[in-house]
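J.: need a 3D model of the following:
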Amino acid sequence: MSMTTRRGTERPVRRSSRLNKGKNTGSLSGSSATSTTSAATAAAGPSSASRARNCINATEHRNQPYSLRRKSSTSSVELEKWCAPVNLQTRSKRSRLNHQKDVHGHCSSNTDENFLQNDVPDEILIKIFSYLLERDLCMSACVCKRFNELVNDITIWKRMYQNVYELSLPLLRPAPAKFKFVQPDKTDHFNIWKESFRVLYNAVHVRPGYCHKVYNSPEMFNGRDIQYCDTIEEALSTVEGQDYPLILVHEGVYSGEWLYIDSPVCIIGAAMGNIPDNVVVENCKDSTFIFIDGCEDSYLGHLSIRFTPDPNSSSHHKNSCIEIGTNCWPTIDGCAVQSKSQVGCAVSVNGKGAAPVIKNCIINKCENVGLYINDHAQGTYVDNEISNNALAGVWVKNYANPIIRRCHVHDGRDVGVFTFDNGLGYFDKCDIHDNRIAGFEVKAGANPTVVHCEIHHGQTGGIYVHENGRGEFIDNKIHSNTFAGVWITSNSDPTIRGNEIFNGHQGGVYIFGEGRGLIENNNIHSNALAGIQIRTNSNPIIRGNRIHDGQHGGIYVHEKGKGLIIENEVYSNTLAGVWVTTGSCPELRRNRIHSGKQVGVYFYDNGHGTLEDNDIFNHMYSGVQIRTGSNPLIRRNKIWGGQNGGILVYNGGMGVLEYNEIFDNAMAGVWIKTDSNPHLRYNKIHDGLDGGICIFNGGRGLLEYNDIFRNTQAGVLISSQSHPKLKRNRIYDGLAAGIEITNNATATLEANHVFNNKFAGICLATGVQPDMKGLYKIT
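T.: Numbering: from 1, shown residues only. Presented below is the predicted three-dimensional model:
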């Protein structure tokens, strides 16, 4: 590994390159067997002893003893070859004293020559083998079939594995830069502890003080070929130039090292129990780990990585725990990351080609951003817990495009996930909750894709899209947020599709400040305020949603709000299904608006818009109400089943009502009163449980070309100083009068066809003189 200059400084990276000559590592391939093994092989007979001695002598001839720097050896291969269990059928339990003849007819008596092979009980031999090191065990396995079987006893290798590697579980290496802990009872390996021992055998161990121990007591390590270093820096120098070397960092706190990774090295913490609790790497002046060009496929796993800035130094500006630069794609696995810097993030991924895999990590209690992905960086981030950070848990900007799956982002003191300045990203199955601001914020051209996530219990909102933000939010659960589940404002245009948005302490979706967006196929329910609120010149598309069981209205359009509201089902809301007010002008088409506890669609205070091809039914009040200067176009709707009438126009309301079918309402099909002046034409108003059209208290209006039939009371009732104009209507088959004018009212009647009503065609109270114009027919 070459000398590397630290970015932003003139100080080169320090690398230890001591050769440690003359020190003994107990090399598996370079030292003699222990006296215990010699005794065992001698007892096995001259041929076995000779074979073992030849193997030892050949090994001694190849390598110098006591060398801490391992030569190019194949110790793990030899370990596998020498220790491979003989493929025998299951051997029956040996009796403690066996005097029977073997398969060749030789007597197995208690002679010195075959006492160990045949007569010593298994338990005693296993106890003897447990005192041997791995090379001696491997050579003992070559003595005979019985030794081979006993040497592969699981308890021997488990004890030795945990003593050497200090790991609670077996660790496998399915690929050069991939490691996996396994449960011993959930594997098909014959001896998973021995297999893990073999896999890790070529590792360099960082174990402070152990080099000195090996040097001073070489006799304790005869039969072992393992290299030890005191620092991670020294280990990195030792493995320089090797392909995918492995460094095991043992229990301890490692401070102040300059760790620049520029080769595909694998560094793993090694300790019993929860490894990151016991293996800590920290720095106070520079980023703790820095990955630079050349570190492709490097691996960093199971460590606590900390950056704690020196309060007396000003040189730690924007330093991080982990810094991943251009064209670097290391794997960071199972690490606990924590930064106390108020100006630098915990994990920084920056630049084109930066594409790490970060998984199973805990990034928490940082004084700035947790995970910062910037400047076209990518990468895969899986199963991480990101919590309790002072700023955003995840920050994505400047065309960065990460894939983030199954991450748990919570309890941040700012936003949970923040994408801005054209940041992208794919977020899948993340749990985002209890953040102080929004769970997910999209700003300034950012365009993330968020699917199958749960965004909930935000202390403000769930999703906040503003300042030209975009994004796709698909099939998420958005609930229990203090404010709206989704906020869209300031020319933003996201797609909100297939989500469940519910139990908000305010509204479900809130679109304001010229916001837009496609709100499609969502299930929006049980919110404290309106399911969807549109205001201040906002113009979204609301399509195919179910908006129901709100404690307020279903859709609330106000303060010059607009929008295309199409093919939604709006039902069972406490107040109006749809409110349109204060200069708003939405288009509502092909919606089903029903079963509300008040009005179906309510236009008031100069509310306008188009209500077309909707099915509006079964409301506790009227299906449609129009009042106080409102002037909507109501066309081709079915309005039925209202408990207080079909359409109520009052207090100066207006509007054009045409081609509607208004039927089966408990009171009048259409009410016009208190100075209202609508225009009704080409409607069918029939089968009402009261009158067809009731006009009173100064109501006016133009009624033309309508069919009014089969109503229980008068087809048209005009009363209380009202003065409408009826022109070319057909009023027939009523169960009372066709037209009834009473109580100082008058009307202009022109060319109407009134026939087949149960009482008179026209019924006039005393003193009433309507203005009869043109031809009309009364039968």
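J.: where along this structure do the helices fall?
T.: For the chain, helices defined by DSSP state H occupy the ranges 35-44, 46-62, 75-83, 122-129, 134-140, 145-151, 154-165, 192-199, 210-216, 232-238, 275-278.
J.: can you report how many residues lie near the closest residue to Ile126 other than its chain neighbours?
T.: Computed as C-beta to C-beta, 6 or more residues apart in numbering, the closest residue to Ile126 that is not its neighbour in sequence is Asp153, at 5.2 Å. Heads up, the C-betas are built off the backbone N, CA and C, glycines and all. Other residues near Asp153 come to 19 when the count uses other C-beta atoms under 10 Å.
J.: in this structure Asp153 contacts Ile128, no?
T.: No: with contact taken as C-beta atoms under 8 Å, Asp153 and Ile128 are classed as non-touching, separated by 11.4 Å.
J.: for Tyr165, see how far away the residue nearest to Ile126 is.
T.: If you measure Asp153 against Tyr165 using C-beta to C-beta, to the nearest Å, the figure is 18 Å.
J.: go on, Gly498?
T.: Here the distance between Gly498 and Tyr165 works out to 48 Å (C-beta to C-beta).
J.: who has more neighbours out of these two?
T.: Each of Gly498 and Tyr165 has its neighbours counted (other C-beta under 10 Å); Tyr165 has more, 23 against 17.
J.: OK, contacts around the more buried one?
T.: For Tyr165, the contacting residues are Leu171, Ser196, Phe197, Leu200, Leu248, Ala270, taking C-beta atoms under 8 Å, 6 or more residues apart in numbering as the criterion.
J.: including neighbour count and pLDDT, could those go into TSV?
T.: Rendered in TSV, the data for those read as follows (neighbours: other C-beta atoms under 10 Å; pLDDT from 0 to 100):
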residue	neighbour count	pLDDT
Leu171	23	95
Ser196	25	95
Phe197	23	94
Leu200	24	94
Leu248	26	97
Ala270	24	96
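J.: tell me the one among those residues nearest to Lys758.
T.: Proximity to Lys758 was ranked across these by C-beta to C-beta; first place goes to Leu171, at 92.9 Å.
J.: wait, that closest one sits on Gln183?
T.: No: no contact is recorded between Leu171 and Gln183 when judged using C-beta under 8 Å, the distance being 11.8 Å.
J.: now do the contacts for the residue nearest the centre of the chain.
T.: Averaging the C-alpha coordinates of the chain gives a centre point, and the residue nearest to it by C-alpha atoms, centre = their mean is Cys430 (1.2 Å). Taking C-beta under 8 Å, 6+ apart as the contact definition, Cys430 lies against Ile404, Arg405, Arg406, Cys407, His408, Val409, Val417, Val450, Cys453, Glu454.
J.: same thing but at 10 Å, please
T.: 381, 384, 386, 394, 404-409, 416-417, 439-440, 450-455, 476 (C-beta atoms under 10 Å, 6 or more residues apart in numbering).
J.: for it, give me the pLDDT.
T.: What the model reports for Cys430 is a pLDDT of 98.
J.: picking that back up, for the residue nearest to Ile126, phi and psi?
T.: The phi/psi pair for Asp153 (degrees, to the nearest 10) reads phi -60, psi 140.
J.: Phe483 - how many residues pack around it?
T.: Burial of Phe483 is recorded as 18 neighbouring residues (other C-beta under 10 Å).
J.: go on, Asp431?
T.: 17.
J.: same deal with Lys443?
T.: 20.
J.: Arg535 pairs with what?
T.: Assessed by DSSP bridges, Arg535 has beta-bridge partners His558.
J.: show me what contacts it?
T.: So, once contact is read as C-beta under 10 Å, 6+ apart, Arg535 ends up touching 489, 510-513, 515, 556-562, 581-582, 584.
J.: of those, closest to Ala530?
T.: Ranked by distance to Ala530 (C-beta to C-beta), the contacts of Arg535 are led by Tyr556 at 3.8 Å.
J.: contacts only, for that closest one.
T.: Contacts here follow C-beta under 10 Å, 6+ apart; on that basis Tyr556 touches 507, 510, 529-535, 550, 575-576, 578-581, 584, 602.
J.: swap in Pro494?
T.: Under the criterion of C-beta under 10 Å, 6+ apart, the neighbours of Pro494 are 442, 446-448, 450, 463, 465, 469-473, 486, 488, 515-519, 540.
J.: so the residue nearest to Ile126 sits against Ser130, correct?
T.: Yes: the criterion here is C-beta atoms under 10 Å, and Asp153 meets it with Ser130 at 8.4 Å.
J.: next, show the common contact partners of these two.
T.: Leu137, Arg159.
J.: Ser130 reaches Ser140, doesn't it?
T.: No: between Ser130 and Ser140 there is no contact under C-beta under 10 Å: 11.6 Å.
J.: compare those two (neighbour count), which wins?
T.: Set side by side, Ser130 and Ser140 give different neighbour counts by other C-beta under 10 Å, the larger being at Ser140 (27 against 14).
J.: just the buried ones from the contacts of Arg535, in PyMOL syntax?
T.: Entered in PyMOL, the line below selects the buried ones among those, by 16 or more other C-beta atoms under 10 Å:
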select buried, resi 489+510+511+512+513+515+556+557+558+560+561+562+581+582+584
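J.: can you tell me which of the contacts of Arg535 end up in strands?
T.: Within those, residues falling in strands by DSSP state E are Tyr510, Ile511, Tyr556, Val557, His558, Thr581.
J.: so what's the fourth one up against?
T.: When contacts are counted by C-beta under 10 Å, 6+ apart, Val557 touches 511, 530, 532-535, 538, 542, 563, 565, 578-586, 588, 603, 607-609.
J.: drop anything exposed from those.
T.: Those of the contacts of Val557 that meet the buried threshold are 511, 530, 532-535, 538, 542, 563, 565, 578-586, 588, 603, 607-609, by 16+ other C-beta under 10 Å.
J.: could you check how far stretch 419-429 is from the centre of its chain?
T.: Centroid separation for stretch 419-429 versus its chain: 12 Å, with C-alpha atoms, centre = their mean, to the nearest Å.
J.: now that stretch: buried residues?
T.: Of the residues in stretch 419-429, those scored as buried under the neighbour-count criterion (16+ other C-beta under 10 Å) are Thr419, Phe420, Asn422, Gly423, Leu424, Gly425, Phe427, Asp428.
J.: which residue packs closest to the last one, ignoring adjacent ones?
T.: The shortest distance from Asp428 to any residue other than its chain neighbours is 4.6 Å, reached at Arg405 (C-beta to C-beta, 6+ apart).
J.: the one you found: neighbour count?
T.: Residue neighbour count, defined by other C-beta under 10 Å, stands at 19 for Arg405.
J.: isn't it up against Thr380?
T.: Yes: Arg405 sits in contact with Thr380 when judged by C-beta under 10 Å, with a separation of 7.4 Å.
J.: partner residues bridging Ile324?
T.: Beta-bridge partners of Ile324, counted by DSSP bridges, are Phe291, Val349.
J.: repeat that for Ile593.
T.: Listed beta-bridge partners, Ile593: Val570, Ile616 (assigned using DSSP bridges).
J.: before we move on, what about Lys443?
T.: In this structure, Lys443 has the following beta-bridge partners (DSSP bridges): His466.
J.: for the contacts of Arg535, name the two members farthest from one another.
T.: Checking those against each other with C-beta to C-beta, the farthest-apart pair comes out as Thr489 and Thr581, at 19.5 Å.
J.: so where is the stretch 251-400 of the chain shaky, pLDDT-wise?
T.: Across the stretch 251-400 of the chain, the stretches falling below the confidence threshold (pLDDT under 70) are 313-317.
J.: re earlier: mind listing the shared neighbours of Arg405 and Thr380?
T.: Counting by C-beta under 10 Å, 6+ apart, the contacts common to Arg405 and Thr380 are Lys359, Tyr426.
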